[in-house]
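Visitor: Please work out how this folds:
(chains A, B, C and D)
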There are 2 protein chains.
Amino acid sequence: MTNAAGLSASLEDYLEAIFQIIRDKQAARAKDIGKRLKVSRSSVTGALHALAERELINYAPYDVITLTDKGKVVAEDVVRRHEVLRDFFVKVLAVDSKSADEAACRMEHAIPEAILERFLEFVEFVERCPRGGSSWIKGFGYYCDSDNETGNCERCVGLVLGDVKNRKKDDMADTQTQTTLAEMRPGEKAAVVKLGGIGAVRRRLLDMGVTAGTLVEVERIAPLGDPIEVKIKGYHLTLRKEEARRIKVKTV
Amino acid sequence: MTNAAGLSASLEDYLEAIFQIIRDKQAARAKDIGKRLKVSRSSVTGALHALAERELINYAPYDVITLTDKGKVVAEDVVRRHEVLRDFFVKVLAVDSKSADEAACRMEHAIPEAILERFLEFVEFVERCPRGGSSWIKGFGYYCDSDNETGNCERCVGLVLGDVKNRKKDDMADTQTQTTLAEMRPGEKAAVVKLGGIGAVRRRLLDMGVTAGTLVEVERIAPLGDPIEVKIKGYHLTLRKEEARRIKVKTV
DNA sequence: ACCAGATGTTCGGCTTGCCGTACATTATTC
DNA sequence: GAATAATGTACGGCAAGCCGAACATCTGGT
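Guide: Numbers count the residues shown, from 1 in each chain, chains lettered A, B, ... in the order given. Predicted coordinates for the structure are as follows:
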């Protein structure tokens, strides 16, 4: 009963594992789940029963395992918690990604929604703060990578000097490129300016708390250029090009 | 078997509660422990047995409960994790202290030591970064207290303008007051410059990873001016004035 | 000295979550 | 198409944690 959906930490782990295995390979097999979570096959069966009882997975003995719609939503949420934490550890605390992942794994079950939101906002803040946030954070990297000699602050200060100059230029050219989500390329980030009047997607974005100013990152674009995968508020989302075109953004 | 000392999350909670109750009132009674952790008295008895078995508390039926030396060390560690997390949430993420405390309570059992260290270092970094770290963080407060309108960046930038001016002055007067820990007043912070050659305390500080540059904060000083309570690396420490005199520091 | 009432303990019982072993089913290979 | 290997399941058992009810001990007022 630890979390929103009333799942135990253990069941969340199972659900997350299933979600990821289905994403990676095609089918989720009990053996793989067990291997990933380091538990025996019999334990997996037990957990599958528990998940099926809660209608999070479609399960029949000896049959393939799939997530129900409800299950997908819950699994996405768990994965999101994991990723927001990991991102924060890597991008802000300058932790190596392996440790960050392990830590996120352990902490994802215990973090309250409100705090998670803060972690997310902090990363966004850092990425867009007009006075050298990112490089300031890089300063933290120097600060803690060596033995805390105060001399490291020099390097950190050095970073910002360049920033200050650039900032002036940026201010000149502050008429940032306003465009639509459909025209961005993978890896680019932008702030939402306006959500066009599209039904389901708009509804979904609003439910996720997306407002003007929220950062969006394009993760990848299908070969044909149509389904566009974006990351927003820690969620992964797949949009049709048609839908993306209705979302006005401002490049960051 | 979640943590360093091999304690379950539940037992850590009991130990922490006992530690705090002993600190607040004089004696730790089963009833109070139960009330604090919201469990029945019978559950408390069970936990006490488990803790006694691990030699963390002195326990005999119907007798008062005290912590063993080993127990004190472990309890201090749990409390430290809690406080480092809470501090981070409050000081960096601008979370209100009640939510921060609740979150710390839940997460303290899951956080790996390495990540905790980073949280601590980040707070220290913010407090001493020569280019307006603290006020930059305050900018985050503005950023997320309102509805993410980009306009908030203005206020944030405003903050740093003042900082930049002050910084120049500071640079002039960079010959910071170098003094000793014994001469500081409650609430003041300083960076350790050198650990004098005192036996036990020096050993203890070194074990805690205190090196030149680590921040110390004086929490309070006894009426007679002698036992001085400091916070360093997230630990609370009580020093004799004699000992504090041997620790050279530089006011921040 | 004694008798409530408060506090502490023991006991049986419950759930979750794990395991190993033995059995069932599916896949693969000849 | 049958034998064998791989995989999945059922069952009994164990430990951690929690509870309530019944019993034990302590403590203060008389």
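Visitor: Pretty sure residue A:11 sits against residue A:50.
Guide: Yes. Contact criterion CB atoms under 8 Å: residue A:11 and residue A:50 qualify, at 5.9 Å. Just so you know, the C-beta spots here come from the backbone N, C-alpha and C atoms, and that holds for glycine as well.
Visitor: Looking at the two, which has the bigger crowd around it?
Guide: Taking neighbours as other CB atoms under 10 Å in any protein chain shown, residue A:11 and residue A:50 compare with residue A:11 leading, 21 against 16.
Visitor: How about the helix or strand harbouring the more buried one, which residues are buried there?
Guide: Per DSSP states H and E, residue A:11 falls inside helix A:9-24. For helix A:9-24, burial by neighbour count (16 or more other CB atoms under 10 Å in any protein chain shown) applies to A:11-22.
Visitor: can you narrow the residues you listed to ones near DNA strand C?
Guide: By CB under 7 Å from any atom of the strand, the members of those lying near DNA strand C are residue A:11.
Visitor: Let's have the buried residues of helix A:9-24 in TSV, adding pLDDT and distance to residue B:78.
Guide: Formatted as TSV, the buried residues of helix A:9-24 follow (pLDDT from 0 to 100; distance: CB to CB, whole Å):
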residue	pLDDT	distance to residue B:78
A:11	97	26
A:12	97	24
A:13	97	24
A:14	98	28
A:15	97	29
A:16	97	27
A:17	97	29
A:18	97	33
A:19	97	33
A:20	96	32
A:21	96	35
A:22	95	38
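Visitor: Put together JSON lines for the buried residues of helix A:9-24, with distance to DNA strand D on each row.
Guide: Converted to JSON lines, the buried residues of helix A:9-24 look like this (distance: CB to the nearest atom of the strand, whole Å):
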{"residue": "A:11", "distance to DNA strand D": "16"}
{"residue": "A:12", "distance to DNA strand D": "18"}
{"residue": "A:13", "distance to DNA strand D": "17"}
{"residue": "A:14", "distance to DNA strand D": "12"}
{"residue": "A:15", "distance to DNA strand D": "16"}
{"residue": "A:16", "distance to DNA strand D": "18"}
{"residue": "A:17", "distance to DNA strand D": "13"}
{"residue": "A:18", "distance to DNA strand D": "12"}
{"residue": "A:19", "distance to DNA strand D": "16"}
{"residue": "A:20", "distance to DNA strand D": "16"}
{"residue": "A:21", "distance to DNA strand D": "11"}
{"residue": "A:22", "distance to DNA strand D": "13"}
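Visitor: in the stretch 151-252 of chain A, what spans have low per-residue confidence?
Guide: A:151-176, A:197-198 (pLDDT under 70).
Visitor: Single out the residue in it that lies closest to DNA strand C.
Guide: Residue nearest to DNA strand C within the stretch 151-252 of chain A: residue A:234 (24.5 Å; CB to the nearest atom of the strand).
Visitor: is it true that that residue touches residue A:121?
Guide: No. Look at residue A:234 against residue A:121 with CB under 8 Å: they stay out of range, at 10.4 Å.
Visitor: quick one, which of these two is more surrounded?
Guide: The residue with more neighbours, out of residue A:234 and residue A:121, is residue A:234; 22 against 19, by other CB under 10 Å.
Visitor: which stretches of chain A form strands?
Guide: A:57-58, A:66-67, A:178-180, A:189-195, A:215-221, A:228-232, A:235-239, A:247-251 (DSSP state E).
Visitor: Contacts only, for residue A:78.
Guide: A:12, A:15-16, A:19, A:108 (CB atoms under 8 Å, 6 or more residues apart in numbering or on different chains).
Visitor: Now the two most distant members of the residues you listed.
Guide: Pairwise distances among these were taken by CB to CB; the largest, 12.8 Å, belongs to A:19 and A:108.
Visitor: Around DNA strand D, pick out the residues from the stretch 1-150 of chain A.
Guide: A:29-31, A:41-42, A:44-46, A:48-49, A:59, A:61-63.
Visitor: Any idea how many residues pack against the closest residue to DNA strand D within the stretch 151-252 of chain A?
Guide: The nearest approach of the stretch 151-252 of chain A to DNA strand D comes at residue A:236, 26.5 Å away (CB to the nearest atom of the strand). Residue neighbour count, defined by other CB under 10 Å, stands at 13 for residue A:236.
Visitor: just residue A:193 next, same as before
Guide: For residue A:193, using other CB under 10 Å, the count is 16.
Visitor: Kindly report the same for residue A:224.
Guide: Residue A:224 has 7 nearby residues by other CB under 10 Å.
Visitor: Then residue A:188?
Guide: Neighbour tally, residue A:188, other CB under 10 Å: 14.
Visitor: What is the end-to-end distance of stretch A:225-244?
Guide: Stretch A:225-244 has an end-to-end distance of 11 Å (criterion: CA to CA, to the nearest Å).
Visitor: circling back to that earlier point, output the strands of chain A in TSV, with distance to residue B:182 appended to each entry.
Guide: Compiled in TSV, the strands of chain A are given as follows (distance: least, CB to CB, whole Å):
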stretch	distance to residue B:182
strand A:57-58	64
strand A:66-67	63
strand A:178-180	60
strand A:189-195	51
strand A:215-221	49
strand A:228-232	53
strand A:235-239	54
strand A:247-251	55
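Visitor: Between those strands, which one is closest to residue B:97.
Guide: strand A:215-221 (28.0 Å).
Visitor: is chain B contacted by stretch A:83-96?
Guide: Yes. Using CB under 8 Å from any CB of the partner chain, stretch A:83-96 reaches chain B at A:89, A:92-95.
Visitor: quick check: mean pLDDT across that stretch?
Guide: The predicted model gives stretch A:83-96 an average pLDDT of 92.
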